[in-house]
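Visitor: what follows is a protein structure lacking sequence information:
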């Protein structure tokens, strides 16, 4: 009897629990002026632009001299005008005079000089080593002097948020004061940040008074979306096929790419730290090209990403500096086999190709815990099997990958709005610098094109050289040329968005997930 | 007479349990050989399908058959358990034989047992397996180095008891060496304990292997281990793919339970004292 009573008690409490959550799941009223977002990406280093905050998207709390529109054209933001000298060394930027920081202090040239000097000295991911001198000409004009011409400097100006000189200290990353559309109210580390509208923002006024960013695991974020507790949530492809009541799926194209990095040189050398360089299998161009032709990227997109992505043929697909001729027809197993055969890779009794006693077999390392890269690696291994190439996927920690990446193929990802990434990944100058050019790739002609791109006077001129560096109809760093990489897919960034919320057009999303979606936050509004 | 039949049937029951358990475990081992590349291959066209006649346990997000993966995982667990338990038993035997050497040796061994038992099992396991670099080797050695203390304690108790036995005393007075006494008096006496201890260690070892793999400190993600399968499945629970966790988890539980039954049945057969208990 008592057992029965307890059972009834439990059942009723469960039912009660269900009904009470049901009430909360009612879609919120239309004219609410706050939003809850679960888009992940809590920055470990805080919100200091001088150490890299905002380089993948809007800094939110700060504003930048220049910015991008939704087609990645450079537009003015804090700046009213900018000029580059004939030799490309002197950049002069004049800025608005009516800008206030959120603490009501005015923003002037001193703050800009201070920001860029601090960034240069911080030794962070933002590379300002080419900037020789920064000086204020008058209260609202700044002059940058570069040590060599750099057409990509414009992207530094578009991604570096300006910090106030008068309040900047070592705690700034926790307490960012800036001239952006929002100001930080509260940061509960590991849980959430709450931001409020900056009343002194000079640009278009956002329609939401308060935003709450929750930092949840993928699973918890999805559950919150189902419970109707968030307005925007980022989800992995596996969740995107689900229906969520009151929300619609927004698919954003990105250059957040995944591809296999092939060591470009034969083995034998060592880095300064004694790490091995090179791989005797992938140093053969026939292997790299055969794989590039033989794999079926469309199938990877359909199978692994549930269709939420597109095939990738280069590091910068659909960006202004992308060479469209780098794309080709893939999935041609026969053609790939022919190529390998001609290059002297013969099948042995195990069904694996062999040349000069070396088997066409290599491990493919992926960061363990990254499920998409794991699945891609496994599917890649199966796809190259018909080519007679044996690939063994192995999950490793990033620490281990850093030891192995100069000698072993790795499933990596890039994707930036700054073409300097092409230089970083493919130039002979950057061989073995961290994750940059871990292939040890080098091609003199490509180097020449890229230095011309850097020296270019205009963005159009620069882009034409970037394109030539990829493929100039005879050589280049793309898969049609030297093929140091096998690019596989560009992910789509997936969000469930409250069906009454309008977020407008978005630009092609970069490698970083989450924050880039807040780029045009001023344009967000409820549907009428 | 009646008690005779009853004890006989108990013995028979024990024998039956043992036979069935061994058959089950054998079928897992054989099954893992039968499932080759084909069943484990990625088949995008039938991914995320729920349990059906062609895929008993459903398929995962890469279209791999979960039944094949589970059987492979269980076989791997079996292998890990076998290796780890064997090493553990050897450690336990050596340490327990050490205790008869001298009072000091006994104290040191007891101190070690207390030390290892005082630290939470899983923490120690993660510590050892991590410091050995993880992977298969790390897990096996981690399990081996953490599962010996309780068995050692039992064996030590047995030895203490035997040491006071008259025949041991007589052997000593006849000038037999300690080695001789250990070899001819202690070891034969300890073998049933060792065997049962070995079998009862299995479920522990297997469950611990699965837990640290689940936590990400154990076997690497490309191995078909049950812990890997379970931790992967966590990502898909909220989209309703329950079969990814349910069947492998249940199978693991079943295997562990069977090992437990096997150990206890064997104990009934080998140990007269346990055999009389109802």
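Guide: Perfect, thanks for sending it. The shown structure was predicted, so the numbers you read here are calculated from the model rather than taken from an experiment.
Visitor: how about the residues of chain B by chain A?
Guide: B:41-42, B:44, B:47, B:61-63, B:216, B:220-222, B:232, B:234-239 (Cβ under 8 Å from any Cβ of the partner chain). C-beta coordinates here come from the backbone N, C-alpha and C atoms, glycine included.
Visitor: quick one: which of these sit in helices?
Guide: When helices are assigned by DSSP state H, the members of the residues of chain B next to chain A inside them are B:232, B:234.
Visitor: whichever of the residues of chain B next to chain A end up buried, select them in PyMOL.
Guide: Below is the selection syntax for PyMOL that covers the buried ones among the residues of chain B next to chain A, with 16 or more other Cβ atoms under 10 Å in any protein chain shown defining burial:
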select buried, chain B and resi 42+44+47+61+62+63+216+220+221+222+232+235+236+238+239
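Visitor: show me what stretch B:34-53 is in contact with.
Guide: Counting contacts by Cβ atoms under 8 Å, 6 or more residues apart in numbering or on different chains, the residues outside stretch B:34-53 that touch it are A:299, A:302-304, A:378-379, A:382, B:55, B:57-65, B:67-69, B:71-72, B:224, B:241, B:243, B:247.
Visitor: buried only: go through those for me.
Guide: Under a neighbour-count criterion of 16+ other Cβ under 10 Å, the subset of these counted as buried comprises A:303-304, A:378-379, A:382, B:55, B:57-65, B:67-69, B:71-72, B:224, B:241, B:243, B:247.
Visitor: nearest residue to the middle of chain B?
Guide: In chain B, the residue lying closest to the centroid (Cα atoms, centre = their mean) is residue B:202, at 1.0 Å.
Visitor: quick one: residue B:262 from chain A, how far?
Guide: Spatial separation of residue B:262 from chain A under the definition Cβ to the nearest Cβ, to the nearest Å is 34 Å.
Visitor: which residues in chain A form helices?
Guide: Along chain A, the stretches classed as helices by DSSP H are A:2-24, A:109-122, A:153-159, A:218-226, A:237-240, A:285-294, A:297-304, A:333-342, A:371-384, A:398-404, A:420-426, A:444-455, A:459-470.
Visitor: now for the fifth one, which elements pack on it?
Guide: It refers to helix A:237-240. strand A:485-498 (3 or more Cβ pairs under 8 Å, 6 or more residues apart in numbering or on different chains; DSSP states H and E).
Visitor: now the strand it packs on: how far from the chain's centre is it?
Guide: In this view, strand A:485-498 has its centroid 10 Å away from the chain centroid, taken as Cα atoms, centre = their mean, to the nearest Å.
Visitor: wait, what's in contact with residue A:318?
Guide: A:253, A:255, A:508.
Visitor: mind redoing it with 6 Å?
Guide: Under the criterion of Cβ atoms under 6 Å, 6 or more residues apart in numbering or on different chains, the neighbours of residue A:318 are residue A:508.
Visitor: chain B versus that one, what's the distance?
Guide: Using Cβ to the nearest Cβ, one obtains 25 Å as the distance from residue A:318 to chain B.
Visitor: repeat that for residue A:46.
Guide: Relative to chain B, and taking Cβ to the nearest Cβ, residue A:46 is found at 27 Å.
Visitor: also residue A:133?
Guide: In terms of Cβ to the nearest Cβ, residue A:133 sits 49 Å off from chain B.
Visitor: and for the residue nearest to that residue when sequence neighbours are not counted, the neighbour number?
Guide: Closest residue in space to residue A:133, ignoring its immediate chain neighbours: residue A:145 at 4.3 Å, by Cβ to Cβ, 6 or more residues apart in numbering or on different chains. Applying other Cβ atoms under 10 Å in any protein chain shown, we find 13 residues neighbouring residue A:145.
Visitor: any low-confidence regions in the chain?
Guide: Unless you meant another one, I'm taking chain A. Counting by pLDDT under 70, chain A shows low-confidence ranges at A:1-31, A:513-514.
Visitor: hm, I was asking about chain B
Guide: Counting by pLDDT under 70, chain B has low-confidence residues at B:1-9, B:36-39, B:272-278.
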